[in-house]
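**Student:** just coords:
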């Protein structure tokens, strides 16, 4: 099953870890902003938007699909394709800075931290390369395909694989611990603190369970039955967890794993393949009923839906009261967060399953033909 999540907002965040398990702060650019994976990005100018540049992952005969979110840092866009190439693209010009090749395809978003880029491939190798020149620093063999993006607190690097393993490495690639799930882990973990101060990583996958794993020791704190598999990542907030599942549900749990509400308004029980985004008390998720769904964070009551002409596997991203999301109908949509009204759209060359990334005043998104698009504010 493809990892939808790979979704990454690509925004640069400062993880202040003095209160957490890490001993030093680290500048982290990660899927959906890292941490709790809430899917809320920095502010950018409102639409309409203009196309700054289009980057192509190969020539016409060797294009590679981009199905994971880009990661945006100060002057570089990092994006991985399904042929196994990690591309570093100049943010201003759209020209390639360097390329790193893997024999396994990539279905994950790059994690960028401390001058290095981390990501796993479909052959099970987890790569660490220099963010400056793309040279290999180390490779860890997880022995099973990696579909989910990695997350980090600055000290621990966490990801899951097709062998139902939940793996924690240090930044030098040394294994710290391995926990076991009941089936494949296809999504990125969210990271945050419980009320008692313990730091945990939340994992979901094909065994239909939401697991909280203590960050230092790798011990399981709770495992909650979700009733269906989850392809997308959990959102971890200060007092609750939100996740989408197969069979048309968006679920909300307390931080002890107890259920709070269940949104079941997805048509025909279609899979909620995307990772939800949360901002201003509103949860937004895409589904394979071709709709974008919005509901209240407090109790899961429906607010609005927006119809596209294709499955919405792209994980929505929220910025400054607007929702940015792609669809398999080739469209990138910008919607009003509170009403679901369409504000602007762009038609790509092929289906969009990758989530959008926002950072440094631009939006970046890829399509399944291997095009990477960068948008900024349109001249007034």
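**Tutor:** Ah, there it is. Everything quoted here is computed from the prediction, not taken from an experiment.
**Student:** partner strands of the helix or strand containing residue 251, with direction?
**Tutor:** Using DSSP states H and E, residue 251 sits in strand 249-254. Looking at strand 249-254 with DSSP bridges, its partner strands are strand 240-245 (antiparallel), strand 259-263 (antiparallel).
**Student:** please identify the most buried of these.
**Tutor:** Of all the strands paired with strand 249-254, strand 240-245 carries the top mean neighbour count, a mean of 25, counting by mean count of other Cβ atoms under 10 Å. Every C-beta, even on glycine, is put in place using the N, C-alpha and C of the backbone.
**Student:** so which residues make contact with the strand holding residue 251?
**Tutor:** Residues from elsewhere that reach strand 249-254, judged by Cβ atoms under 8 Å, 6 or more residues apart in numbering: 210, 224, 226-228, 239-245, 259-264, 266, 272, 276, 283, 285, 293, 295, 297, 300.
**Student:** re earlier: to residue 66, which of the strands paired with strand 249-254 lies closest?
**Tutor:** Residue 66 lies closest, by Cβ to Cβ, to one member of the strands paired with strand 249-254: strand 240-245, at 21.9 Å.
**Student:** pLDDT averaged over that closest one - what is it?
**Tutor:** Averaging pLDDT along strand 240-245 gives 98.
**Student:** contacts made by it with the rest, please.
**Tutor:** So strand 240-245 is contacted by 190, 202, 204, 208, 210, 226-235, 250-255, 260, 271-276, 278, 283, 285, 287, 297 (Cβ under 8 Å, 6+ apart).
**Student:** by mean pLDDT, flag the weakest helix or strand of this structure.
**Tutor:** One helix or strand of the chain scores below all others by mean pLDDT, DSSP states H and E: strand 12-15, with a mean of 40.
**Student:** after that one, which helix or strand is next?
**Tutor:** strand 26-29.
**Student:** could you dump the strands paired with strand 249-254 into CSV and include distance to residue 35?
**Tutor:** As requested, the strands paired with strand 249-254 are exported to CSV (distance: least, Cβ to Cβ, whole Å):
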stretch, distance to residue 35
strand 240-245, 13
strand 259-263, 21
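**Student:** nearest to residue 316, of those strands?
**Tutor:** Residue 316 lies closest to strand 240-245 among the strands paired with strand 249-254, at 10.7 Å (Cβ to Cβ).
**Student:** all helices of the stretch 51-200 of the chain, in order?
**Tutor:** For the stretch 51-200 of the chain, applying DSSP state H, counting those that start in this stretch gives no helices.
**Student:** just the strands in it please.
**Tutor:** 71-72, 76-80, 85-90, 96-101, 111-113, 116-120, 125-130, 136-141, 151-152, 157-160, 165-169, 175-180, 190-193, 199-204 (DSSP state E, counting those that start in this stretch).
**Student:** which one of these is the most hemmed in?
**Tutor:** Most buried among those, given mean count of other Cβ under 10 Å as the contact rule, is strand 71-72, at a mean of 30.
**Student:** elements contacting it?
**Tutor:** When contacts are defined as 3 or more Cβ pairs under 8 Å, 6 or more residues apart in numbering; DSSP states H and E, strand 71-72 sits against strand 76-80, strand 357-359.
**Student:** could you check how many residues crowd around the closest residue to residue 159 other than its chain neighbours?
**Tutor:** What sits nearest to residue 159 in space, not counting adjacent residues and going by Cβ to Cβ, 6 or more residues apart in numbering, is residue 150, at 4.2 Å. Using other Cβ atoms under 10 Å, residue 150 is surrounded by 25 other residues.
**Student:** then the one 3 residues further on?
**Tutor:** By other Cβ under 10 Å, 22 other residues sit near residue 153.
**Student:** surely it touches residue 191?
**Tutor:** Yes - Residue 153 is within contact range of residue 191, at 5.5 Å (criterion: Cβ atoms under 8 Å).
**Student:** common neighbours of those two, please.
**Tutor:** Contacts common to residue 153 and residue 191, judged by Cβ under 8 Å, 6+ apart, are 199, 215.
**Student:** from residue 32, how far off is residue 39?
**Tutor:** 5 Å (Cβ to Cβ, to the nearest Å).
**Student:** need the contact list for the nearest residue to residue 102 once chain neighbours are set aside.
**Tutor:** Ranked by Cβ to Cβ, 6+ apart and with sequence neighbours excluded, the top spatial neighbour of residue 102 is residue 84, at 4.0 Å. Contacts for residue 84 (Cβ under 8 Å, 6+ apart) come out as 101, 102, 103, 104, 105, 106, 121, 122.
**Student:** roughly how far apart are residue 84 and residue 68?
**Tutor:** Taking Cβ to Cβ, one finds residue 84 at 12 Å from residue 68.
**Student:** list residues touching both of the two?
**Tutor:** residue 106.
**Student:** picking up where we left off before, nearest to residue 343, of the strands of the stretch 51-200 of the chain?
**Tutor:** Closest among the strands of the stretch 51-200 of the chain, using Cβ to Cβ: strand 71-72, at 21.7 Å.
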